[in-house]
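[1] structural data only, the sequence is not supplied:
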């Protein structure tokens with residue numbers, strides 16, 4: 001299943017992420033792709049809000065992983081600085097996948113073989129100064145249900 005939504009500013013992108021965070025389940029995996037400044041971290045902030053995370057959500061570009069507590073543990077990865085798949089193993093990413101928490105991975109498209117798993121794939125594309133086209137795809141029924149419930153005001 002594939003569905004695209006166009007958001008018209010940070011608040012709409014964040015609200016879309018919040019909707020996802022409210023729907024997610026233990027072991028959920030969101031794989032994000034898109035150029036710098038396309039809205040990945042804003043969406044991640046919304047996911048955290050939807051999961052009930054009270055702490056600020058920022059991109060873990062330099063720490064590679066931020067762990068947050070909410071309704072479910074929230075593992076927020078940013079793989080922008082990684083150069084090789086071996087670094088994912090060293091970081092222990094696989095230990096977080098399919099656990100009791102939610103994994104959100106920014107720049108997951110840089111390592112497609114590593115992330116060849118059931119997940120929701122979310123791609124971001126700029127469509128102007130504030131507009132973003134956010135495309136959701138998944139072959140997994142759990143994510144398809146969430147994608148099917150999306151509407152432009154989510």
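    Good, I have the coordinates. Being a predicted model, the structure only gives us computed values, none of them experimental.
[2] contact partners for the closest residue to residue 69 other than its chain neighbours?
    Spatially, and ignoring its direct neighbours in sequence, residue 69 is nearest to residue 53 (6.9 Å; Cβ to Cβ, 6 or more residues apart in numbering). Where C-beta positions appear, they are placed from N, C-alpha and C, glycine not excepted. Residue 53 makes contact with 68, 69, 70, 74, according to Cβ atoms under 8 Å, 6 or more residues apart in numbering.
[3] beta partners for the first one?
    Read it as residue 68. residue 74 (DSSP bridges).
[4] what's the burial count for it?
    Close neighbours of residue 68, defined as other Cβ atoms under 10 Å, add up to 20.
[5] from residue 55, how far off is it?
    Remark: distance between residue 68 and residue 55 (Cβ to Cβ, to the nearest Å) = 6 Å.
[6] before we move on, back to that, secondary structure class for the residue nearest to residue 69?
    coil (DSSP: H, G, I helix; E, B strand; the rest coil).
[7] point out where the protein drops to low pLDDT.
    The model of the chain has pLDDT under 70 over residues 152-154.
[8] phi, psi for the residue nearest to residue 65 when sequence neighbours are not counted please.
    Nearest non-adjacent residue to residue 65, counting by Cβ to Cβ, 6+ apart: residue 77, 5.3 Å away. Dihedral pair for residue 77: phi -100, psi 150, per degrees, to the nearest 10.
[9] gap between residue 77 and residue 28?
    For residue 77, the distance to residue 28 (Cβ to Cβ) stands at 14 Å.
[10] just residue 109 next, same as before
    Computed with Cβ to Cβ, the distance linking residue 109 and residue 28 is 18 Å.
[11] who has more neighbours, those two?
    Higher neighbour count among residue 109 and residue 28: residue 28, with 25 against 15, using other Cβ under 10 Å.
[12] spatially nearest residue to that one, not counting backbone neighbours?
    In this structure, residue 28 finds its nearest non-sequential neighbour in residue 102, 4.7 Å apart by Cβ to Cβ, 6+ apart.
[13] list the contacts for that neighbour?
    21, 24, 26, 28, 29, 30, 47, 51, 72, 73, 74, 75.
[14] contacts for the helix ranked longest in the chain?
    When the chain is parsed with DSSP state H, its longest helix is helix 10-23. Residues outside helix 10-23 that contact it (Cβ under 8 Å, 6+ apart): 5, 7, 30, 39, 42-51, 70, 102, 120, 130, 132, 134, 146, 149-150, 154.
[15] I appreciate the help and will end here.
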